[in-house]
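Q: have a look at this prediction, sequence included:
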Amino acid sequence: MASTQHDRVRIQRVIDLDPFVLSFGFFFPDTTLAALAPARELLSGTHIDWPNETVRLAVQSHLVHVAGKTILIDTCVGEHKQRRARPEWHQRASTRYIANLAAAGCTLDDVDIVMCTHLHADHVGWNTRLESGRWVPTFPNARYLMGKAEVEHFAREAAANAQANHGSYQDSVLPIIERGLATLAQPSDEIIDGGKLLLLPGHTPGQIGLELDDGKDGRIVFCGDAVHTPAQVFLPDLSTRVCFDKALAAQTRRKLLERAAAEDLRLIPGHLRGSSMRIRAEKTGFVPVIAP
């Protein structure tokens, strides 16, 4: 269980799937591995499998203890959910996710805020769990924070097609809203002392991030899927197949990287196989400095 401790913030990674492996050509249809050749030494193995031409990600939550609150950022894939288009997510059972939370010293009752950076199926799955044939909130004492624009978009998608986004709106989002546990957030909302939301659109229409002052090493930004992999630090304009608006996603990512380099921000992408990364600006572009 990876953990980083700072003066006012403690962060733990709670793993659901690692590695989560995707074909490079599928995930990044607009380029080839040859474009990343200069970065091969840094990326090879942990982030990119060159011989098999795959991208290696983690599906994980970040457990944040700050200002007397316990915040769970994104809730991964979940169990017992119909995800036929993605076999490794489909009808999962007996996973170790809740055990991994417990190993981090967190019970389901301890979580004060569940923050969904966006509403893709691999970020909302453990919002709910199956109990007596019904989807019930996994974290009964938490308020679930979701971007207002994000909820509105995926509600429209689900109304038009029940299987949109793997059907995750119906089983992992709507039950939270119906029980009155969802807080629809706006960009720049301050959710705790020293912690404000950021709008990071493009990957999805209303993706949000969380910026925190860690009290020691400056500021941290949990940036969801604005950056999936350090490969996109070397190629900031490279968006994924699953981005809603590729051009906007690239614009958001470039602005974030520019700011991270200028202000020495510590970025924590949702799928990073590592605890965090800082960004160094060089004449040829950006370079990630990845903490294990």
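A: Now that the structure is in, tell me what you want to look at.
Q: give me the pLDDT for T4.
A: T4 carries a pLDDT score of 61 in this model.
Q: try H65
A: Note for H65: predicted pLDDT of 96.
Q: that one pairs with what?
A: Beta-bridge partners of H65, counted by DSSP bridges, are R10, T70.
Q: same check, this time on D213
A: R219.
Q: quick check, it in contact with I192.
A: No. Contact criterion C-beta atoms under 8 Å: D213 and I192 do not qualify, at 10.5 Å. In this view, the C-beta of every residue, glycine as well, is placed from N, C-alpha and C.
Q: buried set for the longest helix along the chain?
A: Identified as the longest helix of the chain according to DSSP state H is helix 246-263. Using 16 or more other C-beta atoms under 10 Å as the test for burial, helix 246-263 gives K246, L248, A249, A250, Q251, T252, R253, L256, L257, R259, A260, A261.
Q: residue contacts, the third one?
A: Just to be clear, that refers to A249. P201, G202, H203, A226, S239, T240, C243 (C-beta atoms under 8 Å, 6 or more residues apart in numbering).
Q: now it: closest residue in space that isn't a chain neighbour?
A: Leaving aside its chain neighbours, A249 sits nearest to G202 (2.9 Å; criterion: C-beta to C-beta, 6 or more residues apart in numbering).
Q: surely the one you found and C243 touch.
A: Yes. Here G202 reaches C243: they are 6.1 Å apart, a contact under C-beta under 8 Å.
Q: how many neighbouring residues does G68 have?
A: Neighbour count of G68, defined by other C-beta atoms under 10 Å: 8.
Q: check what pLDDT it gets.
A: Note on G68: pLDDT of 93.
Q: distance of the residue nearest to A249 relative to L63?
A: 26 Å (C-beta to C-beta, to the nearest Å).
Q: separation between I220 and Y144?
A: Relative to Y144, I220 is positioned 21 Å away (C-beta to C-beta).
Q: quick revisit: the contacts of A249: which two are farthest apart?
A: Using C-beta to C-beta, the contacts of A249 span at most 14.5 Å, a distance reached by P201 and T240.
Q: any idea how far the helix or strand harbouring V289 is from the chain center?
A: Assessed by DSSP states H and E, V289 sits inside strand 285-291. For strand 285-291, the separation from the chain centroid amounts to 19 Å (computed by C-alpha atoms, centre = their mean, to the nearest Å).
Q: can you list the strands that it pairs with?
A: Looking at strand 285-291 with DSSP bridges, its partner strands are strand 276-282 (antiparallel).
Q: going by neighbour count, list what's buried in the partner strand.
A: Buried residues in strand 276-282, defined by neighbour count with 16+ other C-beta under 10 Å: S276, M277, R278, I279.
Q: the last one contacts A261, correct?
A: Yes. A contact is recorded between I279 and A261 when judged using C-beta under 8 Å, the distance being 4.4 Å.
Q: spit out the residues that contact these two alike.
A: Taking C-beta under 8 Å, 6+ apart as the criterion, I279 and A261 both touch F286.
Q: where does this protein have low pLDDT?
A: Scanning the chain for pLDDT under 70 picks out the ranges 1-7, 217.
Q: where do the helices sit along it?
A: With DSSP H as the criterion, the chain has helices at 24-27, 40-43, 97-103, 121-124, 148-160, 168, 174-178, 231-234, 246-263.
Q: H47 against P230, yeah?
A: Yes. If you go by C-beta under 8 Å, H47 and P230 touch, sitting 5.5 Å apart.
Q: more neighbours, the two?
A: P230 (26 against 23).
Q: skipping adjacent residues, who's closest to that one in space?
A: Closest to P230 by C-beta to C-beta, 6+ apart is P288, at 4.2 Å.
Q: for stretch 91-107, buried residues please.
A: Neighbour-count burial for stretch 91-107 flags R92, T95, Y97, I98, N100, L101, A104, C106 (criterion: 16+ other C-beta under 10 Å).
Q: please tabulate these in CSV and include distance to P137 as additional columns.
A: Below are the buried residues of stretch 91-107 laid out as CSV (distance: C-beta to C-beta, whole Å):
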residue, distance to P137
R92, 19
T95, 18
Y97, 15
I98, 14
N100, 19
L101, 15
A104, 19
C106, 16
